[in-house]
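**Student:** Starting from these lines, generate the structure:
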Amino acid sequence: MNETQLLSKKNVVGVAMGEKWVDGTPTGKKSVLVFVEKKVPLDELAPEDIIEPTIDGLPSDVVGRSGVFKALGLQSVLADQGLSLRDRVRIRNLSSGYEWGGWEQRKATEQVFEAERRRRRKRRRRRKRRPYSVNRQGVARPLVAGLSISHPDVTAGTLGAIFKKNGKPVILSNNHVIANTNAAKIGDPIYQPGTFDGGRSSHAVGKLLDFEPMKNGVMQDSAIASIDVNYSTKFNLSRLDRIRGVVRPRMRRRVWKTGRTTGLTKGRIIGINGVFRVDYGDTRSRLITIRDCIVTTDMSRGGDSGSVLMDGNNGVGLLFAGSTRMTLHNRLTRVIKRYGLELFESAV
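**Tutor:** Numbering: from 1, shown residues only. Below is the predicted model of the structure:
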């Protein structure tokens, strides 16, 4: 399958292996899924932009209204407004009730964060009905999966999980969350909560250890960080952290994740071996082609980047991007191998 040729066609944003769908129902027939930002009538397309009915001997299935896939650190939510990190932190203060004068975009950001406040109230009501709860956007000790986290120059993303490397605990998240999309330096501090949620130097919980450089054709958006000794002696091994193993993705499997913004959400795997063009917003190279993606139904929003995708009690993916209808993940097996990570025995 020539992904480069398919991605060069008008409106195409990604391609993956999956099942052909008819009237919203999977048929079980293997198919090449071609994701387009929006469907366009055939008579409005140039001949070279028309998707062939078969690709490499398999039927093609055009998935319409996929939207634009964006990296889902919270930074991407406000990137199009052209705001600096300083102004984004000010927006966070506005959403908490603090005021300042002379900022012309205040009305627009009030609308953004009124929706955020409604989501927070809804989550608080849900937490009251659950025996285990954590304020994902506040200071949380000990560290657990699903918390707000970031590099000092990034707004916020999600602490995906805690693994071991050379016998020591490490944090797993995305490059664009804790390595600032290649702009960070090894040893930079990592904040919990992220800067957008009030994190500052006193909230540093570790340091950046390593990251996979972001470039066209990369197969993962990942990074790891050390954990300061003050926070590494105890782990709350709730269901959110009990990763019993790491498995490969399988079609139609029901999956779940816990993230900084949307908390615990569930979905289904609808595509594997995907290649997608992802909008990284603030980066110089705005669009980066990511390979070997897992595609699920919509289960995320900005700020959920870094969440570990779970199949039961097994890790399967690392969430990094999405659109309004679908979410993208890297294969967790590939991430584990890249850094030589191990599971905690107590979490098995």
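**Student:** where do the helices sit along the protein?
**Tutor:** 3-7, 75-78, 85-95, 106-128, 175-178, 332-339 (DSSP state H).
**Student:** In the protein, which residue sits furthest out from the middle?
**Tutor:** Residue farthest from the centre of the chain, counting by C-alpha atoms, centre = their mean, is Asp43 at 36.3 Å.
**Student:** For Gly281, give its distance to Phe69.
**Tutor:** For Gly281, the distance to Phe69 equals 12 Å [C-beta to C-beta, to the nearest Å]. The C-beta positions use only the backbone N, C-alpha and C, and glycine is treated the same way.
**Student:** Which parts of the protein belong to which domain?
**Tutor:** Under the assignment automatic domain parsing, the domains of the chain span 3-63, 148-231.
**Student:** Compare those domains and say which comes out lowest on pLDDT.
**Tutor:** Sorting the domains of the chain by mean pLDDT places domain 3-63 lowest, at a mean of 88.
**Student:** can I assume Ile224 is in contact with Val170?
**Tutor:** Yes: Ile224 lies in contact with Val170 (C-beta atoms under 8 Å); the separation is 4.7 Å.
**Student:** what do these two both touch?
**Tutor:** 163, 209, 339, 341 (C-beta atoms under 8 Å, 6 or more residues apart in numbering).
**Student:** shouldn't Gly160 be in contact with Leu318?
**Tutor:** Yes: counting by C-beta under 8 Å, Gly160 touches Leu318, with 6.0 Å between them.
**Student:** can you give me the strands for the stretch 51-200 of the chain?
**Tutor:** 54-55, 58-63, 70-71, 148-149, 157-158, 161-165, 168-173, 189-191 (DSSP state E, counting those that start in this stretch).
**Student:** Who does the first one pair with, and is each partner parallel or antiparallel?
**Tutor:** Read it as strand 54-55. strand 58-63 (antiparallel) (DSSP bridges).
**Student:** Return the distance of the residue farthest from the centre of the chain relative to Gly245.
**Tutor:** 51 Å.
**Student:** do the same with Gly198
**Tutor:** 35 Å.
**Student:** do the same with His203
**Tutor:** Distance from His203 to Gly245, by C-beta to C-beta: 32 Å.
**Student:** Just want to know which of the two has more residues nearby.
**Tutor:** For His203 versus Gly245, neighbours defined as other C-beta atoms under 10 Å are more numerous around His203 (20 against 12).
**Student:** dump the residue contacts of the closest residue to the more buried one other than its chain neighbours.
**Tutor:** Among residues not flanking His203 along the chain, Tyr191 sits closest, at 4.8 Å (C-beta to C-beta, 6 or more residues apart in numbering). Contacts for Tyr191 were tallied using C-beta under 8 Å, 6+ apart; they are 149-152, 199-201, 203-205.
**Student:** at 6 Å what do you get?
**Tutor:** By C-beta atoms under 6 Å, 6 or more residues apart in numbering, the contact list for Tyr191 reads 150, 199, 203-204.
**Student:** Just the buried subset of those, please.
**Tutor:** Buried members of the contacts of Tyr191, scored by 16 or more other C-beta atoms under 10 Å, are 150, 199, 203-204.
**Student:** So which of these is the closest to Val295?
**Tutor:** Ser150 (25.7 Å; C-beta to C-beta).
**Student:** quick one: that closest one and Asp210, what's the gap?
**Tutor:** 17 Å.
**Student:** what do you get for Pro249?
**Tutor:** Where Asp210 is concerned, Pro249 sits at a distance of 24 Å (C-beta to C-beta).
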